[in-house]
Structure formats: structure tokens, C-alpha cells
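Student: sequence unknown, structure follows:
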């Protein structure tokens, strides 16, 4: 592994210099593609094979105070459509991670700097957070099944979809000791506006906004809060999501907040 990191870092620097010094967009793009193929894809495959999904599931259960851990999913590294970092397939209970995406990895600072320089800091993604997020989807799906519910989620940018992504992001971030990303009142208005064109709602807002919606419920009530969400799914219409969170907190108000 040290040899791979050193080789990857050197390749990263060389390809970054080629791309940055090139006046040709085509040459720069080819340098980026070569970097993904030679540096990123091998690491995705190697790291995906070592993911301990059982430990992640136990960690999520402990975080929310649940005895239920569920079946750990498998992890497959493969080339997916470019828009996907990863996904969770309910039918096969498998997490899929895209081998050909702009990931940065923990443990190689030099390589990470080169990756961000090559693609831009705003165009790179944390591999571990991506895996943690998709395994969190598997955990929630397992819990929903144990409660006799349907697979949790919904059509793209619907209320259930936003809440589902919010729960997964909450669990993945909390496992690292982090909070949900900050969102403004204007951001939430944009997210919950039913007249907004769905493909104009940025992905970061779906994740951060969904996390913002569920954070008070899961912080205060943990497992009972998640159970309530799974048994009383959110409405499909986005404008109703704001009231949905308040209704959940009101219905859970009879319970004692969990000790943390």
C-alpha cells in the first residue's frame, strides 16, 4: 500500500502538471481521464474490498441507541454512470461505488492536493463519506423492513427522497463527529418550493437540507425518532416537509429525550 500511494502521488503530480500547463481542453480532459484510470480507480477497488460494513452498521445502531443492527450489505466497486458517486441496491442489498469518479482518500495528503488541483476543490468527493452514506441507506432500509414497512425513499427530489438522503447524511456525518452542513432560510425555501424545477435544485442542498430537517428529531430522540419517521413517512409534496418535522417533534414530545 505505501508503494501504491507513492506511485499514485507521483502520477497525480505529473498528470496535474500536464493538465494545468496545457492550452488544449482536449489534452487536459485526457490527462484527467488518465488520472482517474491510473490513480483513483485502483484505490477505489482496493479500499472497497476492505470496507467493514458490519462495523458501520453497529456504529449507526450505537449512535441512535438501537439494539437492531441488520444484515451488513456487500460492497462492489464498478464503473457507474458519471453522475453517481455510489448507490445502494435494495434488491441485492449491495452498496455500489463508482470506480471512475473524482474521489479523494484519507492517508495521502500529497495525492489529495494533486487531485483537488487537477479537478478543482469543489469537484472532488470524499470516498469514505460516500461509502458511509450508502451503508447508512442500507441500515435504514434494513430497519424499515424489520418494522414491516416498505423500502424507504421516493422519486427524485420528492419529500421521502429528501428525508431519506437526509437520514443517510446525518448518520454518515455523525459517525465522523460532524454536524449537518449549514443551510440558510433562503436555501430551505428554495428546497421546499414545489414550483422549483427539480433539476435546478443542487444535490448539495438535497443532502444538507434533508439532514437539517431530520437532525432535531434524531438528535433528541435517536432510535424512537427514526422509528417514527419510518412508520410515518414524509409527504411527497416538498412544501409540506417543514410542517412534517414539527409534527414529528410534537408527536414524540410525550417521550423523554434520550441521554447522549
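Tutor: Okay, I see it. The structure displayed is predicted, hence computed values, not measured ones. Numbering: from 1, shown residues only.
Student: mind checking which helix or strand the residue nearest the centre of the chain is in?
Tutor: Nearest residue to the geometric centre of the chain (C-alpha atoms, centre = their mean): residue 133, 3.6 Å. Residue 133 belongs to helix 127-146 when assigned by DSSP states H and E.
Student: ok, and for that helix, which residues are buried?
Tutor: Neighbour-count burial for helix 127-146 flags 127-145 (criterion: 16 or more other C-beta atoms under 10 Å). For the C-beta atoms, the positions are set from N, CA and C on the backbone; glycine is no exception.
Student: which residues in the stretch 101-250 of the chain form strands?
Tutor: Assigned by DSSP state E, counting those that start in this stretch, the stretch 101-250 of the chain shows strands spanning 103-104, 125-126.
Student: Now do the buried residues in the lengthiest helix in the chain.
Tutor: Longest helix in the chain by number of residues (criterion: DSSP state H): helix 203-231. By 16+ other C-beta under 10 Å, the buried positions in helix 203-231 come out as 205-215, 217-230.
Student: which intervals of the stretch 151-260 of the chain have sub-threshold pLDDT?
Tutor: In the predicted model, the stretch 151-260 of the chain carries pLDDT under 70 at residues 194-199, 254-256, 258-260.
Student: So what's the gap between stretch 219-232 and the chain middle?
Tutor: Averaging C-alpha positions (C-alpha atoms, centre = their mean, to the nearest Å) puts stretch 219-232 20 Å from its chain's average.
Student: what's in contact with that stretch?
Tutor: 63-66, 68, 140, 143-144, 147, 149, 152, 163, 167, 214, 217-218, 248-249, 251-252, 255, 257-258, 260 (C-beta atoms under 8 Å, 6 or more residues apart in numbering).
Student: Out of these, which end up buried?
Tutor: 63-64, 66, 140, 143-144, 152, 163, 167, 214, 217-218, 248, 252.
Student: Just put those residues in JSON lines and tack on distance to residue 28.
Tutor: Output for those, formatted as JSON lines (distance: C-beta to C-beta, whole Å):
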{"residue": "63", "distance to residue 28": "42"}
{"residue": "64", "distance to residue 28": "45"}
{"residue": "66", "distance to residue 28": "48"}
{"residue": "140", "distance to residue 28": "40"}
{"residue": "143", "distance to residue 28": "45"}
{"residue": "144", "distance to residue 28": "45"}
{"residue": "152", "distance to residue 28": "41"}
{"residue": "163", "distance to residue 28": "40"}
{"residue": "167", "distance to residue 28": "39"}
{"residue": "214", "distance to residue 28": "40"}
{"residue": "217", "distance to residue 28": "46"}
{"residue": "218", "distance to residue 28": "43"}
{"residue": "248", "distance to residue 28": "48"}
{"residue": "252", "distance to residue 28": "53"}
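Student: Closest one to residue 180 out of the residues you listed, please.
Tutor: When these are compared for distance to residue 180 (C-beta to C-beta), residue 214 wins out at 8.5 Å.
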